[in-house]
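Visitor: A predicted structure for the sequence below; I have some questions about it.
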Amino acid sequence: MEPIIATQDLKKVFRLGKVDVPALRGVDLVVQEGEFLAVVGPSGCGKSTLLHILGGLTSPTSGSVLVDGNDFMTMTDGDRTRFRRHKIGFVFQRFNLLPTLTARQNISIAQHIQGNGFNPHRFDMVVDMLGIREKLNHKPFAMSGGEQQRVAIARAVICEPKILLADEPTGNLDTENSQIVLNMLRALNRSFRQTVLMITHNPEAAAVADRIVRMRDGRVVSD
Amino acid sequence: MINRMVLQNLFHRPVRTAVSMLAVAIEVGMVMLVVGLTTGLLHESAKRVEGVGADILVQPPGASMFFGLTQSPMPIKIGDRLAEIPRVAGVAPTLFQFNSSGGLNLIYGIDMESFNRVTGGFVYHAGGPFEQPYDILVDDWYAKANHVKVGGTLNFLNHDFHVSGIVEHGKGARLFIPLQTAQDLSVAQGRASIFFVKCSDPAYADQVTAAIHKLLPGYQVLPVREYMSMMTSNNLPALQAFITVMIAVAVVIGFLVIFLSMYTTITERTREIGILKSLGASKLYIIEAILREASLLAGVGTLAGYGGTVLARKIILASFPTLTIDLSIEWALWAALLAVAGTLIGAFYPALRAAQLDPVDALAYE
């Protein structure tokens, strides 16, 4: 079976002023569909950059990246945006909900951007699974961190993305809420064979995954 | 959904939203009031000339359409020759005096008998005709605006005039003094600035105009109906330039405020734009959201501008009863068009900048 993510000698170099700063120095990674993968490593090892490249938020400098059969090296910015819209869901450490919208609107806007219209069946299923029905009319400032992250997960999966990319999803949560969020990611993975790639510092969080990849200095050091 | 987001964003920053709308409202109000004032003054001035009741205006060569700016008055004896032309029922020689102290006032120096023959006579609200050389008649609008009463004194042309009567408005000027007095004050004895010519039937106006042209080659001879059609800002290049400049200033104010407002909005919402991009929002989606927000500001601002204009008109007319402000649907639509166009242009660069933001940088924005 074709892997859903396959990178080969993936490199990313940032230019800061006149200095080239390599963030990824040749990452080889293969992820199968339905896998729950945790990427761990110290700060600055390139985990977030890898996640941004796999999500099409930024382009690689060299190497190859195939995500669901799409070669990112040949795709334009617009192509990657379209790809992201239909195939990727993001969950961030800082939740990143739109502050002026309610939880319901924050979830619905993902469907609106995707352009397939509001799907009430999917909406109800996701909302009930994440236990946020009571909070649908609340704005982010009126919700706890755990509730905000659950809304963010709902927004990420509402359009049935092929891959869920989670960047330190428990980084801003207490232990109890961290466990709830991790359980939900696990449940999504098990119930819908949702491919999940999660970045984390936390070994306990990483332990939830099927597989743990360690990174250091822009490279995968153990898989 | 996008509309809901736009609306929520506007409510999120009520002061900025209000200031932006106010700028658009001021822009719309300025356009409508400037055009309304200039066209109103022109129409009202033309109406008053029409209200004299003459069919033809005879002025010296090179005279201005704006009465009072005319120099080198004509010999008054020309009036006798005009009166001899067949179908002429009356000729009223009038000398214009332009008073600039304490406001701008055009004063007609009139010969009461001939002026009455052409106009059909004044309707007096109070008092009566001149009895002394330094008597003055004022129209009811002027009297109301300046709290003038019969028997009072008005200082014009460095002389005190005794108010002998208050007359119905609409007979050319708002102030009338005896022709002889006007001639003495301007050292123009035996001269007149204009002859108001009345035909025995208005249908003869063209025929009589042709006869006057023959009699006085080079003089400005204009049927009143033609004068009325010429009294538009399009025929007055300086006024047209003034209107254009004022409209441009209004549009630039609106543009700059919207530009600044949307620019700060984009900076403030950098992270939110990054979130939208992470959800797969295209550049077009971001631009559309921002332009919709600007359009809403323009729409509500325009409506507020209409309301403000009507209110400002009432206040201005209550404070200055002699002014006229003509508000037209045509210019209301133009003002709206200018406001929307200025707003969209002002919002376009910030929208473009937002659309081009790097999503990773935007998400990291604090």
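Guide: Done, it's in. Nothing here was measured: the structure is a model prediction, and the numbers come from that model.

Visitor: buried sites along the longest helix along chain A?
Guide: With secondary structure taken from DSSP state H, chain A has its longest helix at helix A:175-192. For helix A:175-192, a neighbour-count test (16 or more other Cβ atoms under 10 Å in any protein chain shown) marks A:177-182, A:184-186, A:188-189 as buried. Bear in mind the C-beta positions are built from the backbone N, C-alpha and C, glycine included.

Visitor: same deal with stretch A:129-143?
Guide: A:129-130, A:132, A:135-136, A:138-140, A:143.

Visitor: re earlier: from the buried residues of helix A:175-192, which two are the most distant?
Guide: A:Asn177 and A:Asn189 (18.7 Å; Cβ to Cβ).

Visitor: For chain A, which residues are neighbours of chain B?
Guide: A:52, A:55, A:57-58, A:78, A:81-82, A:84-86, A:88, A:90, A:92, A:96-101, A:105, A:108-110, A:112-114, A:155 (Cβ under 8 Å from any Cβ of the partner chain).

Visitor: Now go through those and say which are in helices.
Guide: Judged by DSSP H, the subset of the residues of chain A next to chain B located in helices is A:52, A:78, A:81-82, A:84-86, A:105, A:108-110, A:112-114, A:155.

Visitor: Near B:Leu327, how many other residues are there?
Guide: B:Leu327 has 19 neighbours, counted by other Cβ atoms under 10 Å in any protein chain shown.

Visitor: So what are the sheet partners of the helix or strand harbouring A:Arg214 and their directions?
Guide: Element membership for A:Arg214 (DSSP states H and E) is strand A:211-216. Paired strands of strand A:211-216, with direction, are strand A:36-40 (parallel), strand A:219-222 (antiparallel) (DSSP bridges).

Visitor: quick one: the residue in the stretch 251-366 of chain B that chain A sits nearest to from A:Cys159, how far?
Guide: Closest contact between the stretch 251-366 of chain B and chain A, by Cβ to the nearest Cβ, is at B:Gly280 (2.5 Å). Using Cβ to Cβ, to the nearest Å, B:Gly280 is found at 9 Å from A:Cys159.

Visitor: Name the residue in those two with the higher neighbour count.
Guide: Shown here are B:Gly280 and A:Cys159; by other Cβ under 10 Å, B:Gly280 has more neighbours (26 against 23).

Visitor: mind checking the SS state of the more buried one?
Guide: At B:Gly280, secondary structure determined by DSSP: H, G, I helix; E, B strand; the rest coil is coil.

Visitor: Can you report phi and psi for it?
Guide: phi 100, psi 10 (degrees, to the nearest 10).

Visitor: just B:Val197 next, same as before
Guide: According to degrees, to the nearest 10, B:Val197 has phi -110, psi 130.

Visitor: Run through the bridge partners of it.
Guide: Applying DSSP bridges, one finds that B:Val197 bridges with B:Ile56, B:Val91.

Visitor: so it sits right up against B:Ile56, yeah?
Guide: Yes: counting by Cβ atoms under 8 Å, B:Val197 sits close enough to B:Ile56 to count as a contact (4.1 Å).

Visitor: what is in contact with the two at once?
Guide: B:208, B:212 (Cβ atoms under 8 Å, 6 or more residues apart in numbering or on different chains).

Visitor: What segments of chain A are strands?
Guide: For chain A, strands defined by DSSP state E occupy the ranges A:5-16, A:19-31, A:36-40, A:62-67, A:70-71, A:88-91, A:163-167, A:195-200, A:211-216, A:219-222.

Visitor: Endpoint to endpoint, stretch A:85-105 covers what distance?
Guide: Stretch A:85-105 has its terminal residues 17 Å apart, counting by Cα to Cα, to the nearest Å.

Visitor: Would you mark the buried spots in that stretch?
Guide: A:85, A:87-105.

Visitor: from the middle of its chain, how far away would it be?
Guide: Stretch A:85-105 sits 11 Å away from the centroid of its parent chain (Cα atoms, centre = their mean, to the nearest Å).

Visitor: so what's the residue of chain A found nearest chain B up against?
Guide: Going by Cβ to the nearest Cβ, chain B is nearest to A:Arg85 of chain A, at 2.5 Å. For A:Arg85, the contact set (Cβ under 8 Å, 6+ apart) comprises A:113-115, A:159, B:279-282.

Visitor: quick one: the helices in the stretch 101-250 of chain B?
Guide: B:112-119, B:140-146, B:179-185, B:205-215, B:224-230, B:237-268 (DSSP state H, counting those that start in this stretch).

Visitor: Check which helices and strands the last one sits against.
Guide: So the one you mean is helix B:237-268. helix B:14-51, helix B:283-319, helix B:329-355 (3 or more Cβ pairs under 8 Å, 6 or more residues apart in numbering or on different chains; DSSP states H and E).

Visitor: Let's have those helices in TSV, adding mean neighbour count.
Guide: What follows is these, written out as TSV (neighbours: other Cβ atoms under 10 Å in any protein chain shown):
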stretch	mean neighbour count
helix B:14-51	20
helix B:283-319	18
helix B:329-355	20
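
Visitor: just to revisit the earlier point, now the strand holding A:Arg214: how far from the chain's centre is it?
Guide: Using Cα atoms, centre = their mean, the offset of strand A:211-216 from its chain centre is 16 Å.

Visitor: Show me which parts of that strand are buried, residue by residue.
Guide: Those would be A:212-215, for strand A:211-216 by 16+ other Cβ under 10 Å.

Visitor: Quick check: the residue of the stretch 251-366 of chain B closest to chain A touching A:Gly78?
Guide: No: contact criterion Cβ under 8 Å: B:Gly280 and A:Gly78 do not qualify, at 10.9 Å.

Visitor: For B:Ala347, which of the strands of chain A is the nearest?
Guide: Once the strands of chain A are compared by Cβ to Cβ, strand A:88-91 is nearest, at 27.9 Å.

Visitor: what's near enough to touch A:Asp177?
Guide: Rather than Asp, residue A:177 is Asn. A:Asn177 touches A:144-146, A:149, A:170, counting by Cβ under 8 Å, 6+ apart.

Visitor: Using a markdown table, please lay out the buried residues of stretch A:129-143 together with pLDDT.
Guide: As requested, the buried residues of stretch A:129-143 are arranged in a markdown table below (pLDDT from 0 to 100):
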| residue | pLDDT |
| --- | --- |
| A:Met129 | 86 |
| A:Leu130 | 87 |
| A:Ile132 | 90 |
| A:Lys135 | 91 |
| A:Leu136 | 93 |
| A:His138 | 95 |
| A:Lys139 | 94 |
| A:Pro140 | 93 |
| A:Met143 | 93 |
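
Visitor: Out of these, which is nearest to B:Ala294?
Guide: In terms of Cβ to Cβ, no member of these lies closer to B:Ala294 than A:Lys139, at 23.9 Å.
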